[in-house]
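1. with the input below, show me the fold.
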Amino acid sequence: MVLGSVKVWRKGVELPLGPPKQHAVLALLLLHAGQTVGLSQIVDVLWHGDPPNSAVNVVHRHIGSLRKLLEPELPPRAPGGLLVRHAGGYGIDADATTLDLLHFRELVARARSAADGGEVSGAAELYTQALSLWRGEAAQGVPADIRVHPLFSAVDSEHLAALREGTDLMLALGTPAPVLPLLHRAIAQYPLDESLHARLIQALARTGRQAEAFGLFQEMSLRLKNELGIEPGRELRLAHASLLSRPERTTNPKDEAPPSPPAPAIVRPTQLPLDLRTFVGRRDELARITSALDKLDDSSPTPSAVINTIEGMAGVGKTALAVHLAHRLAPRFPDGQLYVNLRGFDASGPCVTAAEALRSFLIALGVSARHLPADLDSQMALYRSILADRRVLIVLDNARDSQHVRPLLPGSCTCLVLITSRTQLRGLVATHGAAPLILGPLSEEESREVLARHLGRGRTAAEPEAVDAIVAFCHRLPLALAVIAARAATLPGFSLSSIAAELRAGHDSLDAFADDDPYTDLRTVFSWSLDGLGPEAARLLRLLSLHPGPDLSATAAASLAALSVRRTTTLLARLADAHLMIRPLSNRFAFHDMLKIYASEQLQDHDDDATRAAAVRRLLDHYVHGAHTATTALTPHRIDAAPDSPAEPGVELEPLTDPASAAAWLERELPVLLATVGQARSGGHPAHAWVLAQTLELYLDRRGRWQDQIDAQTIAVEAARLLRDRLREAKARRALGFAYGRLAQDDRAQAELDAAMALFTELGDAGGQARAHRSLGFLANGRDDHEAALRHYALALDLYRSVDHLTGQALVLNETGWTYILHGAYRQAVAECTRAVSLHQRSGDTNGEAAAWDSLGYAHHHMGRHQEALRCYERALKLYQRMNDRYLEADTLLHMGDTHEARGSRTASVPLWREAVRILDELGHPEAEQARARLRSEPAATTRTSGGAAG
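-> Reported below is the predicted structural model:
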C-alpha cells in the first residue's frame, strides 16, 4: 500500500520497512511500479542533487536489504521476482491486485472510459471506489525532505485530478454526498486550493448544507487574503454566486437525462460591448423578450435554451437593442455573458465562421487553447457540456442565416440566446422553437427623443416642425437619425430647418435598407454627411473599406491613403465626430459594418482598379514592414524572413526603435496582422502573406497563440506553393509542424516536419535542416524520447557548424542541455548550457543568452544548488526585461519562486509567482492557470512545461 502510509505484507504479516532512506527507496519503486527507476534518479531523490561519494553503494545496500525483506527465500545473486534489476535502474513487479496505486489507476481509467461513453452513473461509482483507496498523502512516513521531490508529489496530483473529475460528475448527477468526506480531507491537506473549496461549496449546497457552504467561502476568502494577499479567484467567486442564484434540486436524479461529461474549471466570461448612452425606447420589444425568461424559472423547464431572434433591415437598431437588453438581463445570468459579432454581412471579407466563434467561446469559458478538441463536433459537445445547468446569456450578433449559428446554440434550458440578423431565421423557428422579433423603425416619439439626446432639448424644442420633418425623412430609422444628428451637432450654426430642406432635396431612395419606400436607402444620409466633411475625408473613408479589420491606427490609414499621419489623424477625427467611424480606443478607428459596406460601394463607383490595387499594396507593405521592424527590435538574431522589396512610396511606419515600443505595437496590432495574412493570400499577394506569417512565428509561439500559428503557417504553405518557391514551402512547413507539436498533435507535426526536412535536404540548405532537426528534437522530448531528441540536436549542431552559424549552435547547446535536464542528467546539462551562454555572448544574442541562463538556473535548482540557481535566474530576468520579452520574464519569475520555495522561503516565492501570473494574465497566455496553481500549493505545480522554442 502506498496511498497513505507505506505498508507491505507477506503471507498476511506486515513487514518492517527499515531505516528512512530504505523506506524511501521502496516507496519510490512502488509509486513507479511496472517502470524502471534509474539509479541516478534514486540518488537524486535521496540526496537532493548533492550526493556523497558513497551514494551508489548505499542505494545498492538498500536494494539488497529490500530483496531479502520481500523475498527471503531467494538464493544469493539470483534475479528477483518482485524487485527486478533493469538496465540502469530497478523496478517493482506488481499489478492492480497487489498494489493499491495500480488498482486506483485502473478504476480511474474505467471511470473516464465510462463517462466518455455516456455511462455517467457507472462512472460515478467507479470514481467513488477509486477515491476510497486513498488514506492520506501518498507514501506517508517517507522523510518530508525526500517526499517533496516531484517523483513523489506527482502521484498526489493524480488523486486531486480524480477527485475533481469525480466531484464534477456527482455534482452533475445531483448526488455529491459520497465525495463530501473526501473533499473535507483534501482541503485539510491543501488549505489554499481554491478549486477544491469551490467544489466542496457546491457539494454542501447540493446536500442542503447552504449555511456551511457560505461559512466555508468566508473562511477561505479570509485565508487567501491573510496568507497570500489575494482575493478569491473566479472559480471560487462563481461557486459563491451559485449559492445565491441556483435553486436546490427538487427532482430525483434517476428521473433526469444523463448529464454531459464534466466541464473544465469554472470561468465567468463578461464579453458584452458597451451599452449605448443614447439608446431610446423599444419598451414593447424589451418587455416581450424579457417575458420569455420566465421559462427559465418555470418548474417544468423547456428542454432546450430559450432563443430569441431579432430581425430587421440594416440600420434598424438590432445590435443596439440586443446589447442594451443583455446589459439589463446580465444580473440574471451569474455564470456569464458571451458575445460575438459574426460579421455575416461584411462585404469586405469573410464572416466569422461558427467554428471560429465556437473556439473563442470555449477559450472564454476556461478551456485552454492546448486542450481544444480538433473537430467541430467535439467542440460543440464540449461547449454544450460546459453550459449544462449554467445560467449564461449568449449574444450572436449579425448572423448570416440559421446554419451560421446552429453550432453555437447551447443545449441547456438555463441559457438565453439573443441572435440578430438582417434575414429571417425561419429555420431556427422550425427546428429550435426560436421566438422571432421583427424589429421595425422607432416610433415618432422615440425618434424625436433620439434627436433631443444628440442635439440637446433646447435646440429641438426651438424647431419642432423641422424635427418632425427630419424624423419623417429618416423614416424613423435609428442609424439614419444618429448620422444626421451627428451632422447637425458638428454644424451648430445650421438651423434644423435647413438640414430638413437638404434632406428634402435629395431624390435618391435608400433602397439598400428596405422595400419600395423611397426613404429607406441610407446612401443619401451618408453622402450628405460626407459632403460636409470634404472630398479628402470622403476619399479616406472609401479607401478605409479595404482594411481587413477589426480596427486600425492612424498610421495604417495614412499608408492606405498615401497621406501624412498628421493629416490623416485630422480626417479620421472628422469621420469619428460624424459617427462615420467608431473610435474604440485612443488612436484606433473602426467601421460600423453598414458604413463599411457603403464605403466599399463608393470605392467601386469612384476609384479605378489601379487606385484600389495601389492602396492595398501600401496597406500590406505597412503591416509587413512594420512587423519586420518590430520583431527585429525584439529578437534581432531570430529573423528568418524579410520583406522582398522596400515599402511602396506613401507607406508610413511607426518608429519602433526599442523593444518596449515594438512589443506594444505587436500586442496592439496582432488581430489586424493575422487578418492581413488572410487578406494577402486571398487578394493575390502570396509573397506578402508568406513573409508576414513567417515574421510572426516566434511572437505567436511566445504568446501561446498556437492555433493562430497553425492558421497563419497553413496560409504560408499555400502561398509558397503559389510562388513555386520550395525553400519558402520548407520553412513554412517546419513552422507549421512545430505549431502542431505545441498542441500535442504529434502525427500532424511529424508529417509536416518530415516534409520540411525532405525539402531542406533536397535544396542542400544546411541551416534549414538544422532548424528542422531542432523542431524534431522538441517533438521527441514531448514524447519523453530523450535519446531521439539528443540525436536530433547532435545532427543540428553539426549542420550549424558546417555553415558557421554561431547563434544556431548556441541554441542547440541550450536545447541539448534542456534535454539532459528532462533526462535527470543535471551535470551534463550544466556543461551544455554553460557553453550555450558563452556562444550567445560571442554572437551578441541577448535572448538566447537569457534562455541559457534560465536553463542553467533550472539545472542548478535540481542539483540543490539554490543560491547558484537564483544567480542564474537573475541574469536571465534582467536580459528578458531589457528585451521586453514578457512571457519569458514570467517564466523565469516562476522558476525563481520555485527555487525560493525549495529553500523553504514561501514569503519570497509568493510575490514572484504572483507577478508572473499577472504578466501571463495580461498576455492572455494559456499557461496562466498552471502558473496560478503554485499560489494554491498544488502538488507538482512547479514542474516546468516550457523548453524548446520556435526560434
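
2. in three-state terms, label Ile307 for me.
-> strand (DSSP: H, G, I helix; E, B strand; the rest coil).

3. phi and psi next, for the spatially closest residue to it that is not a sequence neighbour.
-> In space, and not counting its chain neighbours, Ile307 is closest to Ala434: 4.1 Å by CB to CB, 6 or more residues apart in numbering. Using the backbone N, CA and C atoms, a C-beta is placed for each residue, glycine as well. Per-residue torsions, Ala434: phi -60, psi 150 (degrees, to the nearest 10).

4. look up how far Leu416 lies from Ala434.
-> Distance, Ala434 to Leu416, by CB to CB, to the nearest Å: 12 Å.

5. so which of the two has more stuff around it?
-> More crowded of Ala434 and Leu416, by other CB atoms under 10 Å: Leu416, with 26 against 22.

6. that one contacts Leu396, doesn't it?
-> No - with contact defined as CB atoms under 8 Å, Leu416 does not reach Leu396; the gap is 11.4 Å.

7. common neighbours of Ala434 and Leu416, please.
-> 307-308 (CB atoms under 8 Å, 6 or more residues apart in numbering).

8. C-terminal to the lowest-mean-pLDDT helix or strand in the chain, what's the next element?
-> None of the helices or strands of the chain scores lower by mean pLDDT, DSSP states H and E than helix 523-533, at a mean of 59. Proceeding N to C from helix 523-533, the next assigned helix or strand is helix 535-544, under DSSP states H and E.

9. which residues touch that following helix?
-> Residues contacting helix 535-544 (CB under 8 Å, 6+ apart): 530-531, 552, 557, 560-561, 563, 567-568, 571-572, 574-575, 580-581, 589, 591, 596, 599-600, 602-603, 606-607, 615.

10. now swap in stretch 795-815 and tell me
-> 637, 766-767, 769-771, 773-774, 777-778, 793, 816, 832-833, 835-836, 839-840, 842-843, 845, 848, 851-852, 855, 947-949, 951.

11. are any of those buried, and which?
-> 637, 766-767, 769-771, 773-774, 777-778, 793, 816, 832-833, 835-836, 839-840, 843, 845, 848, 851-852, 855, 947-949, 951 (16 or more other CB atoms under 10 Å).

12. spatially nearest residue to His861, not counting backbone neighbours?
-> Nearest to His861 is Ala869, by CB to CB, 6+ apart, at 4.0 Å.

13. residues in contact with that neighbour?
-> By CB under 8 Å, 6+ apart, Ala869 lies in contact with 857-861, 895, 899.

14. ok, so of these, who is nearest Arg164?
-> Nearest to Arg164, judged by CB to CB, of the contacts of Ala869 is His895 at 26.4 Å.

15. so the closest one: helix, strand or coil?
-> helix.

16. any low-confidence regions in the stretch 451-600 of the chain?
-> 505-532, 578-579, 592-594 (pLDDT under 70).

17. hang on, the earlier thing: of the contacts of stretch 795-815, which belong to helices?
-> Counted as lying in helices by DSSP state H, out of the contacts of stretch 795-815, are 766-767, 769-771, 773-774, 777-778, 793, 816, 832-833, 835-836, 839-840, 842-843, 848, 851-852, 855.

18. buried ones among the contacts of Ala869?
-> Neighbour-count burial (16+ other CB under 10 Å) applied to these gives 857-861, 895, 899.

19. following the lengthiest helix in the chain, which helix or strand comes up?
-> The residue-count maximum for a helix in the chain (DSSP H) belongs to helix 609-634. Remark: after helix 609-634, the chain's next helix or strand is helix 659-682, criterion DSSP H and E.

20. and whatever helix or strand comes next after that next one, how far from the chain's centre?
-> As assigned by DSSP H and E, the chain's next helix or strand after helix 659-682 is helix 686-695. The chain centroid and the centroid of helix 686-695 are separated by 24 Å under CA atoms, centre = their mean, to the nearest Å.

21. mean confidence for the helix or strand just after helix 686-695?
-> Along the chain past helix 686-695, the next helix or strand (assigned with DSSP H and E) turns out to be helix 697-702. Average pLDDT, helix 697-702: 92.

22. could you do stretch 625-632 as well?
-> 95.

23. can you give me the offset of it from its chain's centre?
-> Worked out by CA atoms, centre = their mean, stretch 625-632 lies 24 Å from the chain centre.

24. again, but for stretch 378-393
-> Computed by CA atoms, centre = their mean, the chain-centroid distance of stretch 378-393 equals 17 Å.

25. domains of the protein?
-> 1-175, 187-245, 283-295+302-438, 444-532, 533-665, 805-951 (automatic domain parsing).

26. unless I'm mixing things up, His622 is touching Ala556, no?
-> Yes - using CB under 8 Å as the test, His622 is close enough to Ala556 to be in contact (5.5 Å).

27. state the distance from Leu409 to Pro671.
-> Leu409 sits 26 Å away from Pro671, going by CB to CB.

28. who's more crowded, these two?
-> Leu409 (24 against 13).

29. my guess is the more buried one meets His432, correct?
-> Yes - contact criterion CB under 8 Å: Leu409 and His432 qualify, at 6.5 Å.

30. quick one: low-confidence parts of the stretch 301-450 of the chain?
-> 301-304, 313-314, 345-350, 369-370.

31. OK, contacts around Ala831?
-> Contacts of Ala831 by CB under 8 Å, 6+ apart are Gly817.

32. repeat that for 10 Å
-> Ala831 is in contact with 813, 816-817, 820, 825, 859, counting by CB atoms under 10 Å, 6 or more residues apart in numbering.

33. and if you look at Ala662?
-> Applying CB under 10 Å, 6+ apart, the residues near Ala662 are 626-627, 629-635, 654, 656, 699, 883-884.

34. how near is it to Phe589?
-> Per CB to CB, Ala662 is found 22 Å from Phe589.

35. what sits in contact with each of Leu409 and His432?
-> Both Leu409 and His432 are in contact with 304-305, 307, 402, 417, where contact means CB under 10 Å, 6+ apart.

36. excluding covalently adjacent residues, which one is nearest to Ala355?
-> Once flanking residues are discounted, Ala355 sits nearest to Leu376: 5.3 Å by CB to CB, 6+ apart.

37. burial of the one you found, as a residue count?
-> When neighbours are counted by other CB under 10 Å, Leu376 comes out with 14.

38. kindly report the same for Asp608.
-> Asp608, neighbours per other CB under 10 Å, totals 8.

39. OK, contacts around it?
-> Asp608 makes no contacts at all, as judged by CB under 10 Å, 6+ apart.

40. check the closest residue to Ala850 other than its chain neighbours and give its pLDDT.
-> Distances taken as CB to CB, 6+ apart place Leu879 nearest to Ala850, at 3.6 Å, with adjacent residues excluded. Leu879 carries a pLDDT score of 94 in this model.

41. can you start the count at 27 instead of 1 from here on
-> Right, with 27 as the first residue, what we last looked at is Leu905.

42. wasn't Leu905 part of a helix?
-> Yes - checked against three-state DSSP, Leu905 lies within a helix.

43. for it, what are its contacts?
-> Leu905 neighbours (CB under 10 Å, 6+ apart): 866, 872-880, 911, 914-915, 918.

44. what about it, distance to Glu915?
-> Distance of Leu905 to Glu915, computed by CB to CB: 9 Å.

45. same question for Leu302.
-> 40 Å.

46. of the two, which one has the most company?
-> The residue with more neighbours, out of Leu302 and Glu915 and counting by other CB under 10 Å, is Glu915; that gives 22 against 17.

47. name the next helix or strand downstream of whichever strand or helix holds the more buried one, please.
-> Assigned by DSSP H and E, Glu915 falls within helix 912-928. Per DSSP H and E, the first helix or strand lying C-terminal to helix 912-928 is helix 932-949.

48. show me the helices in the stretch 277-426 of the chain, by range?
-> 309-317, 344-355, 380-390, 402-413 (DSSP state H, counting those that start in this stretch).

49. for the stretch 77-226 of the chain, same thing?
-> With DSSP H, counting those that start in this stretch, the ranges of helices along the stretch 77-226 of the chain come out as 81-96, 126-142, 146-157, 170-173, 176-199, 206-215, 220-232.
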